[in-house]
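Participant: heads up, no residue letters with this:
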């Protein structure tokens, strides 16, 4: 019944537009509410003081003079995590990660007992590690309270006294308080966290004001998966991602203006593109299309994994003008837009001016290669938490 209702809403364009507008306004309202609440909240400790209070000190550092840290990773998206993230993490640590009872990758996320299933499995895997004398030093997660539960993490810390719990949040702008409920989002985990890594720069201060050390930790990519190829360009523009909301509008605008666009992902006629084929496809495109919006919003943005995969591939990248990207790339490296019409105009210009297009592609590749790989991210993280740098062999 639920799926039939969704199908009806999507088929009725007026209802779909109204529904999308309402959803986007709710997301932005909740975000503004969080921002306003932290404007008046006082920060008690500095980052450096909080790191010491959480035990990231000389005693912690000395444990890893002669060995790499043992890290257990609690992940979610296999496609994302196995496209360079885990491979890079394994270079710097003794790595194990969460698998379900059936061997599948990532946390349980369906059903009525999600927290119970994830909690039981997590303790079983830690017990196995303990039996093998491989008890983790760090639980690194990408999760929310509704998936793992605060009580689970508190019990884990009580059992394994020396463990550090670090959470990565790529979506704090819309999931810090999930669906407006703080206890379901990342916020609900704060009492158990020793460090919060966030892709939203302003969220760093949210965590610090909650007495949780926090670092700006944007997405990155891997040179093992994304890199330039000397092959023929087949398409003017390529896009990889699900077909919904403003993405559909942008692609339709480009096609209506005679631009050759090839799309892969759920909802497009070509379906989802296998990971192993993504870099080749990107290299077959003169321009890679990015969409920086959150959900159904048309003026609310967040960093995307594609911002780094696309630039490492060596093709020209165009996406929304997101202030976060302006912290990571220069204006002459990637092409930024604020409207569908601007996408059309700028893409038409680039297709007619190949020297400009190739210059942007080269500059963005160099920037991504030199500053935005997972190896660079982890090296920066480990330095911040006082892990000996001489143990970090790439």
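Facilitator: Arrived safely. Small disclaimer: the values here were computed from a predicted structure and weren't measured. Numbering: from 1, shown residues only.

Participant: where's the longest helix anywhere in the chain relative to the chain centroid, distance-wise?
Facilitator: If you go by DSSP state H, the chain has its longest helix at helix 13-39. For helix 13-39, the separation from the chain centroid amounts to 21 Å (computed by CA atoms, centre = their mean, to the nearest Å).

Participant: Next, the buried residues of that helix.
Facilitator: By neighbour count on 16 or more other CB atoms under 10 Å, the buried set for helix 13-39 is 16, 20, 24, 27-28, 30-31, 34, 38. C-beta coordinates here come from the backbone N, C-alpha and C atoms, glycine included.

Participant: Output the contacting helices and strands for the very next helix or strand once past it.
Facilitator: Downstream of helix 13-39, the next assigned helix or strand under DSSP states H and E is helix 47-53. Here helix 47-53 touches no other helix or strand, going by 3 or more CB pairs under 8 Å, 6 or more residues apart in numbering; DSSP states H and E.

Participant: Distance from the chain centre to helix 47-53, please.
Facilitator: Helix 47-53 sits 25 Å away from the centroid of its parent chain (CA atoms, centre = their mean).

Participant: and after it, which helix or strand comes next?
Facilitator: Next along the chain after helix 47-53, taking DSSP H and E as the criterion, comes helix 58-62.

Participant: Flag every buried residue along that following helix.
Facilitator: residue 60.

Participant: any idea of the mean pLDDT for it?
Facilitator: Mean per-residue pLDDT for helix 58-62: 93.

Participant: need the next SSE after it, C-terminal direction.
Facilitator: strand 70-74.

Participant: Give me the residues contacting that next one.
Facilitator: With CB atoms under 8 Å, 6 or more residues apart in numbering as the test, strand 70-74 has contacts from 81, 86, 89, 93-98, 107, 122, 125-126, 129, 134-143, 148.

Participant: before we move on, what about stretch 250-269?
Facilitator: Under the contact criterion CB under 8 Å, 6+ apart, stretch 250-269 has outside partners 234-244, 270-273, 281, 285, 289, 291, 340-341, 343-344, 347-348, 351.

Participant: Narrow those residues to those in strands?
Facilitator: 235-240, 285, 289 (DSSP state E).

Participant: Toward the C-terminus, what is the element adjacent to the helix or strand hosting residue 158?
Facilitator: Under the criterion of DSSP H and E, residue 158 resides in helix 150-159. Remark: after helix 150-159, the chain's next helix or strand is strand 164-169, criterion DSSP H and E.

Participant: Give the other helices and strands that the longest helix of the chain contacts.
Facilitator: Under the contact criterion of 3+ CB pairs under 8 Å, 6+ apart, helix 13-39 touches helix 2-11, helix 172-175, helix 203-209.

Participant: Repeat the analysis, applying 6 Å as the threshold.
Facilitator: If you count contacts as 3 or more CB pairs under 6 Å, 6 or more residues apart in numbering; DSSP states H and E, helix 13-39 packs onto helix 2-11.
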